[in-house]
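Chemist: missing the sequence, but the structure's below:
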């Protein structure tokens, strides 16, 4: 498998393919700007480290590595639904199935592009009857650009929710803050109550919120790592912010009991009031761009 991928899609000084955990094919991007890693299992971005910086994405040391199981950390692709669904995989099937590599490119600015696709098949129809073509585009360079394109290939309208469920490496959840959502309404999914954000987001307990009707760029302010992670987005009018804290970390089988202080999710999402409906032939693209700057 890796030999064929390298022969067809490998690019010297940009991208090569190896065998990762559980035998999953792994795309390794190493250019003059960054190091990134993406597995074809779920089109899952697992690593992004700009040259001279610490790792930006967070990965659990206790995650599942198996067919039809999600990977904990990085950027899981939640689609075509977000959250639990009785009798079906939580957060959809896109993150538990194999995607196909369709193209790679060395771009003029020195970054590297990888494109993967997932289309309806017998495997997807076990979970969802819609006909579709999903495309995941990853551009890794000075910034990390990830976009999920969904085309409705059915003769009927298709409705879905989803997210680019991005996990970030942070120094300490007790000291970081998120700027950019002041004045935005949000749903606290732990209680079902609706609130309005006042000032920066700070953390002292389990947090699971959906910020509504917002296109804002979030800024993760991390004094411990002396950096700011900028999280911009497109095609998304909802932003999810999540940290499991102590009790939920212990309940999650694929999450270490003491891992929660070092991670934070800030997600470009389409959920709650931001549900996507596509007419036959229509396409929607949800994207996130991650960049780092020193404080």
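Modeler: Happy to help now that I have it. Just so it is clear, the structure is predicted and the values come from calculations on it, not from any experiment. Numbering: from 1, shown residues only.
Chemist: List the single closest residue to the residue nearest the centre of the chain in space, sequence neighbours excluded.
Modeler: Residue closest to the mean C-alpha point of the chain, counted by C-alpha atoms, centre = their mean, is residue 75 at 2.8 Å. In space, residue 75 comes closest to residue 45 once its chain neighbours are excluded; the distance is 4.1 Å by C-beta to C-beta, 6 or more residues apart in numbering. Any C-beta I mention is one placed from the backbone N, CA and C, and that applies to glycine too.
Chemist: what about the residue nearest to residue 114 when sequence neighbours are not counted, distance to residue 40?
Modeler: Leaving out its chain neighbours, the residue that sits closest to residue 114 by C-beta to C-beta, 6+ apart is residue 138, at 4.7 Å. In this view, residue 138 and residue 40 are 12 Å apart by C-beta to C-beta, to the nearest Å.
Chemist: So the residue of the chain positioned farthest from its centre versus residue 129, what's the distance?
Modeler: Distance from the centre of the chain peaks at residue 155, with 29.0 Å (C-alpha atoms, centre = their mean). The gap separating residue 155 from residue 129 is 12 Å, by C-beta to C-beta.
Chemist: Over to residue 290?
Modeler: Counting by C-beta to C-beta, the gap from residue 290 to residue 129 is 34 Å.
Chemist: Give me the more crowded residue out of the two.
Modeler: The neighbour count for residue 290 versus residue 129, taken as other C-beta atoms under 10 Å, is higher for residue 290 (25 against 11).
Chemist: which SSE is that one in?
Modeler: According to DSSP states H and E, residue 290 maps onto strand 283-294.
Chemist: what does that strand rub up against?
Modeler: For strand 283-294, the surrounding residues in contact (C-beta atoms under 8 Å, 6 or more residues apart in numbering) are 48, 50, 53, 56, 75, 142-152, 162-164, 166, 226-236, 267-270, 276, 278.
Chemist: Buried ones only from those residues, please, as a PyMOL command.
Modeler: Buried residues among these (16 or more other C-beta atoms under 10 Å), as a PyMOL selection:
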select buried, resi 48+50+56+75+143+144+145+146+147+148+149+150+151+152+162+163+164+166+227+228+229+230+231+232+233+235+236+267+268+269+270+276+278
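Chemist: In strands, which of the contacts of strand 283-294 fall?
Modeler: Among the contacts of strand 283-294, the members found in strands (DSSP state E) are 48, 50, 144-152, 162-164, 227-234, 267-270, 276, 278.
Chemist: neighbours of residue 6, just the number please.
Modeler: When neighbours are counted by other C-beta under 10 Å, residue 6 registers 14.
Chemist: just the helices in this structure please.
Modeler: Counting by DSSP state H, the chain has helices at residues 2-9, 122-125, 245-251.
Chemist: avg pLDDT for the second one?
Modeler: It stands for helix 122-125. When pLDDT is averaged over helix 122-125, the result is 97.
Chemist: Could you give me the buried positions within it?
Modeler: Buried, per 16+ other C-beta under 10 Å, within helix 122-125: residue 124.
Chemist: what does it rub up against?
Modeler: Under the contact criterion C-beta under 8 Å, 6+ apart, helix 122-125 has outside partners 93, 97, 118, 132.
Chemist: Hmm, residue 128 and the third one touching each other?
Modeler: No - the pair residue 118 and residue 128 fails to qualify as a contact (C-beta atoms under 8 Å) at a distance of 11.6 Å.
Chemist: Neighbour count: those two, which is higher?
Modeler: residue 118 (24 against 19).
Chemist: any idea how far residue 192 is from residue 272?
Modeler: Residue 192 is 11 Å from residue 272, by C-beta to C-beta.
Chemist: For those two, indicate the residue with more neighbours.
Modeler: Between residue 192 and residue 272, counted using other C-beta under 10 Å, residue 272 has the larger neighbour count: 19 against 7.
Chemist: where's that one relative to residue 127, distance?
Modeler: As judged by C-beta to C-beta, residue 272 and residue 127 stand 22 Å apart.
Chemist: How about residue 236?
Modeler: Taking C-beta to C-beta, one finds residue 236 at 23 Å from residue 127.
Chemist: Strands of the stretch 101-250 of the chain, start to end?
Modeler: Assignment of strands within the stretch 101-250 of the chain using DSSP state E, counting those that start in this stretch yields the ranges 112-119, 132-140, 144-152, 158-160, 162-164, 167-169, 177-179, 185-188, 193-196, 207-212, 218-222, 227-234, 238-243.
Chemist: and among those strands, the most buried is which?
Modeler: Mean neighbour count (mean count of other C-beta atoms under 10 Å) peaks for strand 162-164 among the strands of the stretch 101-250 of the chain, with a mean of 28.
Chemist: Pull the residues that contact that one.
Modeler: With C-beta under 8 Å, 6+ apart, strand 162-164 has contacts from 75, 77-82, 91-92, 94, 146, 148, 240, 267-271, 276, 286-288.
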